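Enquirer: whatever this is, show me its structure:
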Amino acid sequence: MEPNVFISLGSNLGDRQANLIKAAGELLRLPQTEITGESRAHLTGAVGLGGQPDFLNQVKRLSTGLAPDELLNS
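Expert: Numbers count the residues shown, from 1 in each chain. Presented below is the predicted three-dimensional model:
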């Protein structure tokens, strides 16, 4: 069984939902990697960033055969 990895995604500019979908698509392009779960998307305030739009955040659970440094550099 390949290890689970949790990736946090967030967007506060443009079409936030579309940005999360695009990011998920990029994760699916990684070799030896699949998305095995996800949280609901949550709207959160831009803490410490005065005047910025709220963020749409989500966590994805991945199963991957990539080493940690390979995943970070992909």
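
Enquirer: in this structure, which spans are helices?
Expert: 16-28, 68-72 (DSSP state H).

Enquirer: could you export those as a markdown table, including mean neighbour count and mean pLDDT?
Expert: The C-beta positions use only the backbone N, C-alpha and C, and glycine is treated the same way. Formatted as a markdown table, the helices of the chain follow (neighbours: other CB atoms under 10 Å; pLDDT from 0 to 100):
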| stretch | mean neighbour count | mean pLDDT |
| --- | --- | --- |
| helix 16-28 | 14 | 96 |
| helix 68-72 | 11 | 92 |
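
Enquirer: distance to Val47 added to the ones you listed, as TSV?
Expert: Listed next are the helices of the chain as TSV, based on distance: least, CB to CB, whole Å:
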stretch	distance to Val47
helix 16-28	16
helix 68-72	25
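
Enquirer: of those helices, which approaches Glu2 most closely?
Expert: Across those, the minimum distance to Glu2, taken as CB to CB, is reached by helix 68-72, at 11.5 Å.

Enquirer: send me the closest one as CSV with only the CA atoms.
Expert: Extracted in CSV, the C-alpha atoms of helix 68-72 (Å, rounded to 0.1, in the frame of the first residue of the first chain):
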residue,chain,number,x,y,z
PRO,A,68,8.6,13.4,-0.2
ASP,A,69,11.2,15.4,-2.1
GLU,A,70,9.8,14.2,-5.5
LEU,A,71,6.3,15.2,-4.5
LEU,A,72,7.4,18.7,-3.3
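
Enquirer: great, nothing more from me.
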